[in-house]
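Asker: predicted model follows, preceded by the sequence.
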Amino acid sequence: MARITASVFTSHVPAIGAALDLGKTAEPYWQPLFQGYEFSKQWMKDNKPDVIILVFNDHATAFSLDMIPTFAIGTAAQYQPADEGWGPRPVPVVQGHPALAAHIAQSVIQQDFDLTIVNKMDVDHGLTVPLSLMCGQPPADHFAWPCPVIPFAVNVVQYPVPSGQRCFKLGQAIRRAVESFDEDLNVHIWGTGGMSHQLQGPRAGLINRAFDNAFLDKLIADPAAVAAIPHIDYVREAGSEGIELVMWLIARGAMKDIAENPSPVRLRHRFYHVPASNTAVGHLILENT
Ligand code: DHB
Ligand code: FE
């Protein structure tokens, strides 16, 4: 049987990808940020999963405003890094896991969440930057990510966007789907995007450390309370792009349930850093006990 053993939560700022690709990680601006992921890169090596379900948002790259799925699961064998205007990032092609992805689609749709099935999609910084932060730059003689990835795209760009509550329940459905897959796989689920940031309008540059840190506290200890936060509070408190944080609830919902076990998850790593471009960077690693 497949099982979810851990979840990773991280921001996805595109400038982080550029800093990595241009060899700027040791510069004074970036060094403290990358320092926060040193533990995580070692943890990835020590806890290498068989598959990652990577919850992220597309930024009008694969899906234009012509067609906007709320929840979309990648069932393809491969995904190319997207060209976001400066050429594709020099990172490996993402290998998918079509068998597990198709099983999750089957199970989750039968649990009444209507996923869009995506057989071809390029993946932007929303997916490649978290992989780079957690896995580092793959070596030239083995230019590949450490394991297959199932991209799971959520619309947080064009309103209406899904609620945190819906995302949390979807995570619970994904957990049941994984646990009913008839192959012995160690699965990680990642929730990405956020934390507070606003890229537009009079409040551009907004950062809210108090909101972000309360969110991290509660996501660990009382995720059902975080799931109850209405979308207007994310926008008001964490900025228009802070709404990306609802994606973290999918990963958190897929972890063991507090209702079934009083201390179901172990915090392995917590990191928070400002500034990184226009965004407050938050990062957690949780393991199922
Ligand atoms: C930035 C952050 C994002 O989430 C994004 O998608 C684009 C830019 C930024 O901080 O610059
Ligand atoms: Fe973003």
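Answerer: Now that the structure is in, tell me what you want to look at. Ligands and ions are numbered 1, 2, ... in the order given.

Asker: what is the burial count for the nearest residue to residue 205 once chain neighbours are set aside?
Answerer: Spatially, and ignoring its direct neighbours in sequence, residue 205 is nearest to residue 278 (6.0 Å; Cβ to Cβ, 6 or more residues apart in numbering). The C-beta positions use only the backbone N, C-alpha and C, and glycine is treated the same way. Neighbour count for residue 278, taken as other Cβ atoms under 10 Å: 18.

Asker: hang on, isn't residue 278 packed against residue 200?
Answerer: No: Residue 278 is beyond contact range of residue 200, at 9.9 Å (criterion: Cβ atoms under 8 Å).

Asker: could you report the pLDDT at residue 258?
Answerer: As predicted, residue 258 sits at a pLDDT of 81.

Asker: residue 265 versus that one, what's the distance?
Answerer: 9 Å (Cβ to Cβ, to the nearest Å).

Asker: ligand 1 contacts on the stretch 151-289 of the chain?
Answerer: By the rule Cβ under 6 Å from any ligand atom, the part of the stretch 151-289 of the chain lying against ligand 1 is 197, 199, 241, 277, 278, 279.

Asker: mind listing what the fifth one touches?
Answerer: Think residue 278. 13, 197, 198, 199, 204, 205 (Cβ atoms under 8 Å, 6 or more residues apart in numbering).

Asker: quick check: the farthest pair among those?
Answerer: 13 and 204 (14.8 Å; Cβ to Cβ).

Asker: who's more crowded, those two?
Answerer: Per other Cβ under 10 Å, whichever of residue 13 and residue 204 has more neighbours is residue 13, with 22 against 13.

Asker: surely that one and residue 130 touch.
Answerer: No: between residue 13 and residue 130 no contact is recorded; they are 10.1 Å apart, counting by Cβ under 8 Å.

Asker: check what pLDDT residue 78 gets.
Answerer: 98.

Asker: please name the residues that touch it.
Answerer: By Cβ under 8 Å, 6+ apart, the contact set of residue 78 is 93, 94, 95, 96.

Asker: give me the buried subset of those residues.
Answerer: Among the contacts of residue 78, those that count as buried by neighbour count (16 or more other Cβ atoms under 10 Å) are 94, 95, 96.

Asker: dump those into a markdown table; add pLDDT and distance to ligand 1 as well.
Answerer: Output for those, formatted as a markdown table (pLDDT from 0 to 100; distance: Cβ to the nearest ligand atom, whole Å):
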| residue | pLDDT | distance to ligand 1 |
| --- | --- | --- |
| 94 | 98 | 18 |
| 95 | 98 | 24 |
| 96 | 98 | 23 |
